[in-house]
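>>> Next come a sequence and a model predicted from it.
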Amino acid sequence: MRCCARRNSESLAGAGFGRHHVAMTANGIFQILFYFFIILLLTKPIGLFMARLFEGKRTFLHPVLRPLEQLCYKLAGVNEATEQRWTQYTAALLAFSIFSFLFAYALQRLQGFLPFNPQGLNASNISPDLAFNTAVSFLTNTNWQSYTPETTVSYLVQMSALAVQNFASAAAGIAAAIALIRGFARQQMNSIGNFWVDLTRATVYLLLPISIVAALFFCSQGVIQNFDRYTKVTTVEGATQVIAQGPVASQEAIKMLGTNGGGFFNANSAHPFESPTWFTNFLEMWSLLAIGAALTYTFGYMVKDTRQGWAIFAVMGILMLAGVGVLYAAEAQGNAAVAAAHVAQATGNMEGKEVRFGVAMSSLFSTITTDASCGAVNTMHDSLTPLGGMIPIINIELGEIIFGGVGSGMYGMLIWAVVAMFVAGLMVGRTPEYLGKKIEAKEVKMSMLAILILALDILGFTALAAVTKAGLAGPLNTGPHGFSEILYAFTSTTGNNGSAFAGLTANTVFYNTTLGFSMLIGRFLFIVPMMAVAGSLVTKKIVPASAGTFPTHGGLFIGLLVGVVLIVGGLTFFPALALGPIVEHLAMQAGTFF
């Protein structure tokens, strides 16, 4: 409906848009609330497990997995009793990321010489710029895919370069979040932990066990796991079809749990080999937010006041439910272009959606996958209504702090909490404090630097693409929707999300290069200032609360933090949104379609 611009002289009312208006259903609302309830129910047990794990305490998995953890330290030459200053911790994280990039890049370029490649795919399938983009994408936990996976990369690359990076990048994000939490929890110290120890524990005790169980469940539901050649079949119409397959279930589990999002197939979680049933769809959605939500309780437990963690959870929950409410309402109303053609839409806008999931579950998936830095999709975001498509963009532009990616959501929200307390301090003329730590110039500067870098990255690259020939060659659509495709791409890569308005042709030298650099900026130029905040906070003493201390566990703080996120974060991008989804919605209401 958006492939070409045209002017429709009929009003939407005359075209029957009003007659085909569809409302959200009670069943759809129930499914959304049930999902949120399950996330809430499991937040404390998982969060408590992580708190004990990263505090070095014994867990129920230690009898089985402690030998594996010790073996990892022995092979890597790591002394688990040695802690690092924030500069050492950050240097270790960056060094690990550089190695991850080189490893993933080399495997892609050499795949023609490596085993587990029954389709005979080689380096000609992956150009240097595409290999650069993909290696950066998976090391930054973005999993942006400018290629069609089943026709581009071999089984070995899928498993060893991409699935391994799903574990590694997720564990690195968790480690960074734990380091910042220690900055708040500890006092008058110089160290914030050991990156290699945190990385190992996150992988061995958290990501691997849950992924193994999830992969087995996926297999039981029909998600495939094999090393067979692609199957050629003859359809009932007599045509020949190639059915791609491979080791899917193992990658599917960590793709969702680690909020990575890169699909084994181009259709991602809409593909029946990746998510064949309602149960697999629900487990995938739970996996998306499970660790991000639980980290709020981990935070509260480690700072010795669980109310602080629940306050952060409340902020994230409010923003999440507001987002899914708007998106579901927009999609339930249906597509105005379809209504203009006098076609009834009894179930809402089903363009680009799987019938087995429906509008409600598709809207929920689209919201939470951009609340988290995941990017997996079970519906095509390019087919969302203008207002529906605006929600994923806003979710990412806010920094994906609404539960967020594994680790990145937590440290992103804590950076916003520092800014919120600074704003509160300005209003009352008092030095701001958060969790007993004085928030001074260094913490505020580093926090604002991290936030502003994201805005500069998104808007700068979007502006470049919108005014250059190479950039304008990418969008499939014209008008505001074409601009939205560009804006979404750089928003997604900067936010390390990876989803897209699929109308953008991104496998070009221009987009592979610029999107690759936007991922690096969005990941590491946020992490480094955040680690500086952790290093500064850990040296400070905790000041006892007084009569003038602003409470950070009640409704006033929750409202303040929500307001600061929406005002400071949202208004930064309002002009860009006005040029894309907002003007497209207004034009649609006037009868103009693109």
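Arrived safely, thanks for sending. The structure presented is a predicted model; accordingly, all values stated were derived computationally and were not measured. Residues are numbered from 1 along each chain as shown.
>>> mind listing the strands in this protein by residue range?
6-7, 231-234, 240-243, 433-434, 437-438, 592-593 (DSSP state E).
>>> Residues touching stretch 50-57, excluding its own?
58-59, 174, 178, 193, 198, 201, 205-206, 291, 294-295, 297-298, 301-302 (C-beta atoms under 8 Å, 6 or more residues apart in numbering). Every residue, glycine included, has its C-beta placed from N, CA and C.
>>> returning to that earlier point: and among the strands of the chain, the most buried is which?
strand 433-434 (a mean of 22; mean count of other C-beta atoms under 10 Å).
>>> elements contacting that one?
In terms of contacts (3 or more C-beta pairs under 8 Å, 6 or more residues apart in numbering; DSSP states H and E), strand 433-434 is packed against helix 408-428.
>>> Any buried residues in the helix it packs on, and which?
408-425 (16 or more other C-beta atoms under 10 Å).
>>> Kindly report the same for stretch 126-134.
In terms of neighbour count (16+ other C-beta under 10 Å), stretch 126-134 has its buried residues at 126-127, 129-134.
>>> Turn the residues you listed into TSV, including distance to residue 250 and pLDDT.
TSV is the format used below for these (distance: C-beta to C-beta, whole Å; pLDDT from 0 to 100):
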residue	distance to residue 250	pLDDT
126	22	92
127	27	93
129	29	95
130	24	95
131	23	95
132	26	96
133	24	96
134	19	95
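>>> where does the nearest residue to residue 399 once chain neighbours are set aside land on pLDDT?
Here the nearest residue to residue 399 in space, its sequence neighbours aside, is residue 412; by C-beta to C-beta, 6 or more residues apart in numbering that works out to 4.6 Å. Here, the pLDDT recorded for residue 412 equals 94.
>>> doesn't residue 403 make contact with residue 412?
No: Residue 412 is beyond contact range of residue 403, at 10.3 Å (criterion: C-beta atoms under 8 Å).
>>> Next, please give the residue ranges for the helices of the stretch 151-300 of the chain.
Here the stretch 151-300 of the chain has its helices, by DSSP state H, counting those that start in this stretch, at 155-156, 164-185, 195-201, 208-221, 248-257, 278-302.
>>> you'd agree residue 573 is up against residue 458?
Yes: proximity of residue 573 to residue 458 meets the contact threshold set by C-beta under 8 Å, at 7.3 Å.
>>> The two - which one has more neighbours?
residue 458 (27 against 22; other C-beta atoms under 10 Å).
>>> Can you check the pLDDT for the residue lying closest to the more buried one once chain neighbours are set aside?
Leaving aside its sequence neighbours, residue 458 sits nearest to residue 494 (C-beta to C-beta, 6+ apart; 4.8 Å). For residue 494, the pLDDT comes out at 95.
>>> Same check on residue 431?
81.
>>> and the gap between it and residue 307?
Distance, residue 431 to residue 307, using C-beta to C-beta, to the nearest Å: 23 Å.
>>> Next, count neighbours for the nearest residue to residue 126 once chain neighbours are set aside.
Leaving out its chain neighbours, the residue that sits closest to residue 126 by C-beta to C-beta, 6+ apart is residue 108, at 4.9 Å. By other C-beta under 10 Å, 25 other residues sit near residue 108.
>>> so what's residue 465 up against?
471-472, 474, 486, 489-490, 510-511, 514 are the contacts of residue 465 under C-beta under 8 Å, 6+ apart.
>>> Residue 499: which of those is nearest?
residue 489 (9.7 Å; C-beta to C-beta).
>>> Near the nearest residue to the closest one once chain neighbours are set aside, how many other residues are there?
Nearest residue to residue 489, sequence neighbours excluded (C-beta to C-beta, 6+ apart): residue 504, at 5.3 Å. Residue 504: 22 surrounding residues under other C-beta under 10 Å.
>>> what does the one 10 residues further on give?
Neighbour count for residue 514, taken as other C-beta under 10 Å: 24.
>>> so it touches residue 463, yeah?
No: judged on C-beta under 8 Å, residue 514 makes no contact with residue 463 at a distance of 11.4 Å.
>>> tell me the centre residue of this structure?
The residue lying closest to the centre of the chain (C-alpha atoms, centre = their mean) is residue 373, at 1.0 Å.
>>> how near is the spatially closest residue to that one that is not a sequence neighbour to residue 266?
Nearest residue to residue 373 in three dimensions, chain neighbours excluded: residue 405, at 3.2 Å (C-beta to C-beta, 6+ apart). The gap separating residue 405 from residue 266 is 22 Å, by C-beta to C-beta.
>>> now residue 516
Distance from residue 516 to residue 266, by C-beta to C-beta: 20 Å.
>>> of the two, who's got more company?
Remark: of residue 516 and residue 266, residue 516 carries more neighbours, 23 against 16, as counted by other C-beta under 10 Å.
>>> you'd agree the more buried one is up against residue 128?
No: taking contacts as C-beta under 8 Å, residue 516 lies outside contact range of residue 128: 11.3 Å.
>>> Where does pLDDT dip in this structure?
1-22, 594 (pLDDT under 70).
>>> residue farthest from the centroid of it?
The chain, farthest from centre, C-alpha atoms, centre = their mean: residue 238 at 41.4 Å.
>>> In contact with that one, which residues?
No contacts exist for residue 238 under C-beta under 8 Å, 6+ apart.
>>> and it, what are its phi and psi?
Dihedral pair for residue 238: phi 90, psi 0, per degrees, to the nearest 10.
>>> how many other residues sit next to the residue nearest to residue 115 when sequence neighbours are not counted?
Using C-beta to C-beta, 6+ apart and skipping residues adjacent in sequence, the residue nearest residue 115 is residue 156, 6.2 Å away. Applying other C-beta under 10 Å, we find 18 residues neighbouring residue 156.
>>> residues in contact with residue 156?
Residue 156 touches 107, 111, 114-117, counting by C-beta under 8 Å, 6+ apart.
>>> Likewise for residue 517?
Per C-beta under 8 Å, 6+ apart, neighbours of residue 517: residue 461.
>>> Distance of it relative to residue 460?
Distance from residue 517 to residue 460, by C-beta to C-beta: 11 Å.
>>> what's in contact with stretch 157-165?
Counting by C-beta under 8 Å, 6+ apart, 100, 103-104, 107-108, 111, 114, 116, 134-135, 138-139, 143, 149, 153, 246-247, 250-251, 254-255, 260, 262, 264 sit against stretch 157-165.
>>> try stretch 501-514
In contact with stretch 501-514 (C-beta under 8 Å, 6+ apart) are residues 2, 127, 129-130, 132-133, 144, 146-147, 380-382, 389, 461, 464-465, 468, 470-471, 473-477, 481-482, 484-486, 488-490, 500, 515.
>>> Straight-line length of that stretch, end to end?
With C-alpha to C-alpha, to the nearest Å applied, stretch 501-514 spans 17 Å between its terminal residues.
>>> how far is it from where the chain is centred?
Chain-centre distance of stretch 501-514: 19 Å, with C-alpha atoms, centre = their mean, to the nearest Å.
>>> count of neighbours near residue 469?
Number of residues near residue 469 (other C-beta under 10 Å) recorded here: 7.
>>> what's the spacing between it and residue 489?
Taken as C-beta to C-beta, the span from residue 469 to residue 489 is 17 Å.
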